[in-house]
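Enquirer: have a look; sequence and predicted model below, questions after that.
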Amino acid sequence: MRDDPVAQLKRWEDAGAHWAVLDRHAHSVTVALYRCDGGEEVDRFSSADPALLAYVRERDTSW
């Protein structure tokens, strides 16, 4: 099991990297993680974690 997905996104942002919601449904999201230059996708994950859904509710990207 992965870390807390909100903590993962915050660490990613704190490191200067970016993320984007690729797919959004009522009860889950798929998020891509990108290099700090906004370039290539490094990883992606899907989650139904309620805290993550709330965190990305009004955001599509970290840019």
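Expert: Right, received. Where do you want to start? Numbering: from 1, shown residues only.

Enquirer: what's across from the residue nearest to the spatial centre of the chain in the sheet?
Expert: Centroid-nearest residue in the chain, with C-alpha atoms, centre = their mean: Val31, separated by 4.2 Å. Val31 forms beta bridges with Val21, Phe45, as assigned by DSSP bridges.

Enquirer: please report how far it lies from Trp19.
Expert: Val31 is 5 Å from Trp19, where distance means C-beta to C-beta, to the nearest Å. No exception for glycine: its C-beta is placed from N, CA and C like everyone else's.

Enquirer: which pLDDT value goes with the residue nearest to the centre of the chain?
Expert: What the model reports for Val31 is a pLDDT of 97.

Enquirer: pLDDT weak spots in the chain?
Expert: By pLDDT under 70, the low-scoring segments of the chain are 1-2, 38.

Enquirer: ok, which stretches of it are strands?
Expert: Assigned by DSSP state E, the chain shows strands spanning 18-25, 28-34, 41-47.

Enquirer: which strands or helices does the last one pack on?
Expert: Meaning strand 41-47. When contacts are defined as 3 or more C-beta pairs under 8 Å, 6 or more residues apart in numbering; DSSP states H and E, strand 41-47 sits against helix 5-14, strand 28-34.

Enquirer: please work out which residues outside the shortest one touch it.
Expert: Read it as strand 28-34. Strand 28-34 is contacted by residues 5, 9, 12, 17-24, 40-48, 52-53, 56 when judged by C-beta atoms under 8 Å, 6 or more residues apart in numbering.

Enquirer: now with 10 Å?
Expert: Contact with strand 28-34 is made by 5, 8-9, 12, 17-24, 40-49, 52-53, 55-57, 61-63, as judged by C-beta atoms under 10 Å, 6 or more residues apart in numbering.
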